[in-house]
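Participant: Here is my input, please return the structure:
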Amino acid sequence: MNALQKRLFEEARKRNPNLKLPTDSKPVQELTEDDLALIKQGVGDKSSRPSQSAAEAGDSTGEVPSGEQSGAVVTYFEAKGFGFLRPDDGGRDIFFHVSRLVEGLATDLRAGTRVLYELGMDRTGKMAASSIRIAPPPAA
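Facilitator: Numbers count the residues shown, from 1 in each chain. Below you'll find the model as predicted:
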């Protein structure tokens with residue numbers, strides 16, 4: 001503890017005589033796979049559950065589940081692993097990272113490719129696409 005911390009602790013101890021000095025020795029905690037997955041996702045985006053298809057969610061109509069949006073890839077920088085999506089309903093382009101691709105191949109991410117995604121946040125707290133899936137081809 002530095003001098004300021006010691007002075008503040010002593011002032012707090014005057015108000016509360018039962019106050020104990022925190023110990024520096026904390027038990028070492030092993031990170032679980034779930035903890036590591038959350039760390040990889042970044043701060044703010046806690047959507048660790050895999051997205052459900054319409055059939056799994058009990059919706060036999062095959063419509064897009066609420067929360068999932070559709071759009072198209074505008075640009076994708078394969079060497080850097082990120083790009084931008086243009087939502088079908090208009091609005092600003094949305095950033096995405098290839099690590100958020102849950103269904104499909106990264107090689108399929110070219111300009112014009114139709115995708116389904118959910119909105120989330122990147123590790124800096126900005127809006128970004130998460131749970132990205134390559135959209136199935138339209139039925140003939």
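Participant: longest strand of this structure?
Facilitator: Ranked by residue count and defined by DSSP state E, the top strand of the chain is strand 68-77.
Participant: ok, then the element right after it?
Facilitator: As assigned by DSSP states H and E, the chain's next helix or strand after strand 68-77 is strand 82-87.
Participant: Please enumerate residues in contact with the next helix or strand after that next one?
Facilitator: Sequence-wise, the next helix or strand downstream of strand 82-87 (DSSP H and E) is strand 94-97. Strand 94-97 is contacted from outside by 71, 81-87, 117, 119, 122, 126-129, 132, using C-beta atoms under 8 Å, 6 or more residues apart in numbering. C-betas here are computed from N, CA, C, even on glycine.
Participant: related to what we said a few turns ago, for the longest strand of the chain, output the C-alpha coordinates as PDB.
Facilitator: Extracted in PDB, the C-alpha atoms of strand 68-77 (Å, rounded to 0.1, in the frame of the first residue of the first chain):
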ATOM      1  CA  GLU A  68     -32.200 -12.000 -35.700                       C
ATOM      2  CA  GLN A  69     -31.800  -9.600 -38.700                       C
ATOM      3  CA  SER A  70     -30.900 -10.100 -42.300                       C
ATOM      4  CA  GLY A  71     -28.500  -8.200 -44.500                       C
ATOM      5  CA  ALA A  72     -25.700  -8.600 -47.000                       C
ATOM      6  CA  VAL A  73     -21.900  -8.300 -46.800                       C
ATOM      7  CA  VAL A  74     -20.700  -5.000 -48.100                       C
ATOM      8  CA  THR A  75     -16.900  -5.500 -47.600                       C
ATOM      9  CA  TYR A  76     -14.800  -8.200 -46.000                       C
ATOM     10  CA  PHE A  77     -11.100  -8.000 -45.400                       C
END
